[in-house]
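**Q** mind folding the following:
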Amino acid sequence: MATTIEHQTRTASVDLERLKSKQREVWGAGDFAVVARHTVFPGELLCEAADVRAGKRVLDVATGSGNAALSAARRGAIVTGVDYVPELLDWGRKRAAAEQVAVDFEEADCEALPLANGSYDIVLSMFGAMFAPDQRRAADELVRVCCQNGRIALANWTPDGFWGRVFALQSKYIPPAAGLTPPTAWGKEDHLLRLLGGRVRVERCRLRYADFSYTSAEDWLEFFATYFGPILKAFERLDDHMRRAFAAELKDLTEQFNSATDGGLVVHAEYLEVVLTKL
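**A** Residues are numbered from 1 along each chain as shown. Next comes the predicted model:
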């Protein structure tokens, strides 16, 4: 486990505020609400795993366009969804209004939540907090706002699963800031326990899969290069030669994970679902 001094030294070399400003721009590009339709079902599964019920105080951290928050609201919970990308929160509000469920969507950084200690019964984060540049601060905040004996439920892409491989490939073409731990490290149980220390007990830890269905690898690439901010912005930054090379490798990777046998494309994207109890 890294000591506090080692952690401070590693993150001090990175301008985190500048990095997060770039992240806001990336995640606000394209149309993440369209992309997020692929993870509606994982949101339902996460709420089931966390035993979200009516009347429970639930916080969805890095909510994006609100998949997990809306799943919790459908169960009658008292829900707050926070994210630091205003465009995504606007989509969450529209979706909540369309479904006629109550979710309080608020702009907030998951590394510094403006919320009281122990104020939630259940804290969720689905493919969200894992992207915080300062992983220890984000993990500390998840624990801090959860009440004693409350639950923390996370869904995180794994390093060796499809999205872990996509992000690793993207890092080859657009290198991340030096000294940062890859987000998909959150998809490994041992890393999560190093972040959370002895403050939690593991109740459930299992691999699940989110399906991405398209007519072809070319169809998948066109969709994600149009609507998914990280890939869209990567293509914008690359010159023509590198853009073609990146596109070719993305299509090859998608084909490697293709489980369809009828000429179409079905990618099973592995993620780690973890439910913890705060001690």
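
**Q** quick one: the helices in the stretch 151-279 of the chain, in order.
**A** Listed in chain order, the helices of the stretch 151-279 of the chain (DSSP state H, counting those that start in this stretch) span residues 162-173, 189-196, 217-227, 229-237, 240-256.

**Q** mind listing residues that contact the last one?
**A** Pointing back at helix 240-256 there. The contact list for helix 240-256, computed with C-beta atoms under 8 Å, 6 or more residues apart in numbering, reads 162, 165-166, 169-170, 173, 217-218, 220-221, 225, 231, 234-235, 238, 265, 267. C-betas here are computed from N, CA, C, even on glycine.

**Q** ok, now the second one?
**A** The list of residues contacting helix 189-196 from outside it, by C-beta under 8 Å, 6+ apart, reads 1-2, 135-136, 139, 142-143, 154, 156, 181, 185-186, 202, 205, 272, 274, 276.

**Q** can you check the third one too?
**A** The set of residues that contact helix 217-227 without belonging to it, under C-beta under 8 Å, 6+ apart, is 30-32, 34-35, 212, 214, 231-232, 235, 247, 250-252, 254-255, 258, 265, 267.

**Q** in ChimeraX, how would I select just the buried ones from those?
**A** Filtering the contacts of helix 217-227 down to the buried ones (16 or more other C-beta atoms under 10 Å) takes a single ChimeraX command:
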select :30,31,32,35,212,214,231,232,235,247,250,254,258,265,267
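
**Q** below-threshold pLDDT in this structure: ranges please.
**A** Along the chain, the parts satisfying pLDDT under 70 run over 1-14.

**Q** what about the strands in it?
**A** Using DSSP state E, the strands of the chain run over residues 57-61, 78-83, 103-107, 120-126, 146-157, 200-214, 265-278.

**Q** nearest residue to residue 269 other than its sequence neighbours?
**A** Here the nearest residue to residue 269 in space, its sequence neighbours aside, is residue 162; by C-beta to C-beta, 6 or more residues apart in numbering that works out to 4.1 Å.

**Q** which residues touch that neighbour?
**A** So residue 162 contacts 212, 253, 254, 257, 267, 268, 269, 270 (C-beta under 8 Å, 6+ apart).

**Q** coming back round to it: please check the contacts of helix 189-196 and keep the buried ones.
**A** 135-136, 139, 142-143, 154, 156, 181, 185-186, 272, 274, 276.

**Q** spatially nearest residue to residue 86, not counting backbone neighbours?
**A** Per C-beta to C-beta, 6+ apart, closest to residue 86 is residue 107, 5.8 Å.

**Q** surely the one you found meets residue 83?
**A** Yes: in this structure residue 107 lies within contact range of residue 83 using C-beta atoms under 8 Å: 6.9 Å.

**Q** neighbour count winner among those two?
**A** A count of neighbours by other C-beta atoms under 10 Å puts residue 83 above the other of residue 107 and residue 83, at 26 against 12.

**Q** wait, isn't the more buried one in contact with residue 67?
**A** No: counting by C-beta under 8 Å, residue 83 does not reach residue 67; the two are 11.5 Å apart.
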